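In: 3D model of this:
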Amino acid sequence: MVTLSLLSSVWGHNIVIPYDEQPLSKINILKTQLDFQGTASVSAKPLQLYQKGRMEVELEAEWITVSVKNSKPSNDDWVGVFSPGKFDSSSCPPKGPEDQELESPYICSAPIKFQYANYSSKDYVKTGKASLKFLLINMRSDFSFALFSGGYSAPKLVSVSNLLSVFANPKAPLYPRLALGKSWDEMTVTWTSGYNIDEAVPFVEWGLKGETQQRSPAGTLTYDRNSMCGAPARTVGWHHPGFIHTSFLKDLWPNSQYSYRMGHRLVNGSYVWSKSYSFKSSPYPGQDSLQRVIIMGDMGKAERDGSNEYANTQPGSLNTTDQLIRDLKNYDILFHIGDMAYADGYLSEWDQFIAQVSPISSAVPYMIASGNHERDWPNSGSFWDTTDSGGECGVPAETLYYVPADNRAKFWYSADYGMFKFCVADSEHDWRAGSEQYAWIEKCLASADRRKQPWLIFIAHRVLGYSSNYWYGQEGSFSEPEGRDDLQKLWQKYKVDIAFFGHVHNYERICPIYQNQCVNDEKSHFSGVVNGTIHVVTGGGGKSLAKFSSLSPVWSVYRDYDWGFVKLTAFNHSSLLFEYKKSRDGEVYDSFTVYREYKDVLACVHDSCEPTTLAN
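Out: As a prediction, this is how the structure comes out:
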């Protein structure tokens with residue numbers, strides 16, 4: 001594993017953190033030396049891409065071309081993209097008292113993306129000329145491009161381009177994220193802008209399609225560098241998130257089409273608008289209608305311009321995203337169950353991820369769960385004492401996305417959608433018997449009205465159930481330590497239909513199981529009494545795949561070393577279809593059906609009911 005020395009304060013105090021999976025962490029940006037060469041240049045054209053008179057809302061992303069000339073070219077020359085465009089030491093935060101004697105770095109923030117100079121110009125070393133294409137999204141600021149020599153470990157700044165203004169209004173409202181509210185007839189809209197509340201009033205204009213529109217106000221949140229728990233999130237990875245607005249659209253008619261757009265009323269009385277979007281409201285709880293759910297985890301992001309070598313670390317990300325976009329009309333709600341952006345403390349990555357999934361999140365509720373790469377950091381209250389979040393300790397995920405939790409810092413919540421009841425746990429907090437979360441999980445499962453909500457689903461990021469992944473096999477548990485010890489009692493007591501997990505980057509289906517034993521030999525058609533919960537690992541959203549153990553436990557029904565996602569289709573109160581689809585082609589590679597009647601859910605099996613007597 002490659003390690004990189006980063007600084008625990010803005011500059012000073014070396015610590016070593018293994019971040020080989022985050023491409024931006026390869027750049028030892030604080031050690032940059034100046035080596036300006038009069039014979040080297042970087043330029044970006046045109047200086048301003050938007051056209052005069054063109055509507056601001058038309059531009060969310062644009063391709064630009066960067067030209068490089070260098071009299072001393074090398075294979076390890078690379079170009080970094082910076083936003084804001086001014087990135088020298090004058091933009092560094094003030095030194096702390098302990099840093100006064102230390103020399104300030106010339107650059108104290110990582111680029112938002114990068115490419116080798118020879119990425120698309122294979123003869124660069126011979127000619128000293130290169131032409132690179134970058135896809136830029138609106139990040140509420142201008143951009144600049146810098147040419148470095150010396151590779152990533154010992155970068156030397158050779159030349160800096162002109163400043164580039166790409167978007168007519170960098171502060172414009174963008175990237176809507178829909179989510180269910182706390183009641184079935186409520187939808188929330190969260191978006192990002194560059195407007196704080198002293199500049200503009202945020203709101204959503206919405207209503208039934210084709211009818212009179214109304215306006216609902218929005219709240220505004222943000223976070224600063226001091227909200228981060230450690231490096232790189234509060235040092236080289238820091239990037240201001242802008243302002244995050246959430247509006248609550250209430251008293252919705254069930255199964256109805258609504259249109260909406262985000263707006264800001266400026267202090268001068270003028271308005272700034274987003275594009276128009278639409279969504280379908282939730283069905284009434286228990287309503288008999290076609291209801292379709294996507295569940296997947298561990299997707300990450302990738303750069304469509306080939307930057308950052310993401311093809312090496314999150315190679316399936318764009319395949320999954322694009323397949324879900326193509327299939328958008330065939331599902332109603334999506335659960336991304338942890339490890340979303342893999343920003344790992346490089347906060348500009350969250351903007352890139354949000355933009356990537358925006359075609360999905362703007363059209364259907366995009367529900368999330370907390371994963372280790374969002375939450376974990378030593379001495380931050382997470383159950384796992386790891387540095388997986390890169391110092392984020394949950395703050396970006398909890399702010400950028402809304403979930404109907406009572407306390408978003410405790411990322412567990414329930415969600416009602418028609419005939420489905422979802423209990424979404426937080427595997428990065430204690431879930432064991434006696435914990436606060438365990439009591440909540442039991443309360444959530446017990447609250448399901450199985451006559452109205454026959455399909456009870458448990459979700460968590462880490463595998464708290466069963467997985468024959470290689471490293472779980474090495475540990476001998478085929479599960480997270482202490483994972484299922486207490487929870488399987490609740491799954492059985494409340495007859496959970498399916499438990500979904502991510503974290504392991506592959507797909508696996510487990511038989512209906514209780515206490516490590518398959519309780520049903522059927523593989524494709526299940527019916528009758530609920531005598532065991534089916535467990536599914538669906539962590540193949542896009543991150544590098546994880547190998548299976550050479551051992552194949554008897555409870556493992558289907559394993560696939562590929563990227564994909566799961567789809568649930570409830571036809572009515574008695575019939576459920578499960579499908580596993582690969583991201584590469586959207587075809588179904590594993591499936592089963594469940595048919596049961598209400599009396600089958602009521603029946604007592606194993607430890608699901610209290611002892612009774614036959615007294616008359």
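In: can you give me the helices for the stretch 351-500 of the chain?
Out: Here the stretch 351-500 of the chain has its helices, by DSSP state H, counting those that start in this stretch, at 372-375, 395-400, 436-446, 470-475, 484-493.
In: which element is the nearest residue to G528 once chain neighbours are set aside on?
Out: Excluding its sequence neighbours, the residue lying closest to G528 (Cβ to Cβ, 6 or more residues apart in numbering) is D600, at 5.5 Å. The way it works is simple: take the backbone N, C-alpha and C, and place the C-beta from them, glycine included. For D600, the element it lies in under DSSP states H and E is helix 598-602.
In: go on, F248?
Out: Take DSSP H and E as the rule and F248 turns out to sit in strand 243-249.
In: CA atoms only: put that strand into PDB for me.
Out: Provided in PDB are the C-alpha atoms of strand 243-249 (Å, rounded to 0.1, in the frame of the first residue of the first chain):
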ATOM      1  CA  PHE A 243     -24.700  26.900   0.600                       C
ATOM      2  CA  ILE A 244     -27.000  24.000   0.900                       C
ATOM      3  CA  HIS A 245     -30.800  24.700   0.800                       C
ATOM      4  CA  THR A 246     -33.600  22.300   1.700                       C
ATOM      5  CA  SER A 247     -37.300  22.900   1.100                       C
ATOM      6  CA  PHE A 248     -40.200  20.700   2.300                       C
ATOM      7  CA  LEU A 249     -43.100  20.200  -0.100                       C
END
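In: so what are the sheet partners of the following helix or strand past it and their directions?
Out: For strand 243-249, the following helix or strand on the C-terminal side (DSSP H and E) is strand 257-266. Strand 257-266 pairs in its sheet with strand 200-208 (antiparallel), strand 271-273 (antiparallel), strand 277-280 (antiparallel), by DSSP bridges.
In: tilt between the longest one and strand 243-249?
Out: Per axes from the mean of the first three to the mean of the last three Cα atoms, to 10 degrees, the angle that strand 200-208 makes with strand 243-249 is 30 degrees.
In: so for strand 200-208, what gets flagged as buried?
Out: Burial within strand 200-208, assessed by neighbour count using 16 or more other Cβ atoms under 10 Å, is assigned to 200, 202-206.
In: ok, the shortest one next?
Out: Neighbour-count burial for strand 271-273, counted by 16+ other Cβ under 10 Å, picks out V272.
In: need the residues that contact that strand.
Out: Counting contacts by Cβ atoms under 8 Å, 6 or more residues apart in numbering, the residues outside strand 271-273 that touch it are 56-57, 169, 171-173, 195, 200, 261-266.
In: quick one, which of these are buried?
Out: Among the contacts of strand 271-273, those classed as buried by 16+ other Cβ under 10 Å are 56-57, 169, 171-173, 195, 200, 261-264.
In: check P46 and give its pLDDT.
Out: pLDDT, P46: 67.
In: and what of T533?
Out: What the model reports for T533 is a pLDDT of 97.
In: residues touching it, list them.
Out: For T533, the contact set (Cβ under 8 Å, 6+ apart) comprises 458, 465, 488, 491-492, 495-499, 512-514.
In: separation between it and D560?
Out: Separation of T533 from D560 (Cβ to Cβ, to the nearest Å) stands at 21 Å.
In: tell me which of the contacts of T533 fall in strands.
Out: Residues of these located in strands (DSSP state E): 458, 498-499, 513-514.
In: related to what we said a few turns ago, list the contacts for the residue nearest to G528?
Out: Contact partners of D600, counting by Cβ under 8 Å, 6+ apart, are 527-530.
In: put the buried members of those into a PyMOL selection.
Out: With 16+ other Cβ under 10 Å as the criterion, this PyMOL line picks the buried residues out of the contacts of D600:
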select buried, resi 529+530
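In: and of the contacts of D600, the nearest to D339?
Out: V530 (29.9 Å; Cβ to Cβ).
In: for the closest one, which non-adjacent residue is closest in space?
Out: Leaving out its chain neighbours, the residue that sits closest to V530 by Cβ to Cβ, 6+ apart is K495, at 4.0 Å.
In: what about that neighbour, how many residues nearby?
Out: K495: 26 surrounding residues under other Cβ atoms under 10 Å.
In: G394 too?
Out: Neighbours of G394 under the rule other Cβ under 10 Å: 25.
In: over to V158?
Out: Neighbours of V158 under the rule other Cβ under 10 Å: 24.
In: that one should be in a strand, yeah?
Out: Yes. Checked against DSSP: H, G, I helix; E, B strand; the rest coil, V158 lies within a strand.
In: residue contacts, it?
Out: Residues in contact with V158, defined by Cβ under 8 Å, 6+ apart, are 35-37, 40, 70, 77, 147-149.
In: same question for T538.
Out: By Cβ under 8 Å, 6+ apart, the contact set of T538 is 295-297, 337, 500-502, 507, 564-566, 580.
In: run the last query once more with 10 Å
Out: For T538, the contact set (Cβ atoms under 10 Å, 6 or more residues apart in numbering) comprises 294-298, 335, 337, 459, 500-502, 504, 506-509, 564-566, 580.
In: next, count neighbours for the closest residue to V424 other than its chain neighbours.
Out: The shortest distance from V424 to any non-neighbouring residue, by Cβ to Cβ, 6+ apart, is to I459 (4.6 Å). Counted with other Cβ under 10 Å, the neighbours of I459 add up to 24.
In: and G541, which of the three is it?
Out: coil.
In: that one contacts V504, correct?
Out: No. G541 lies out of contact with V504 (Cβ atoms under 10 Å); the separation is 11.4 Å.
In: higher neighbour count, these two?
Out: Using other Cβ under 10 Å, the more surrounded residue of G541 and V504 is G541, with 29 against 25.
In: what pLDDT does N14 get?
Out: 28.
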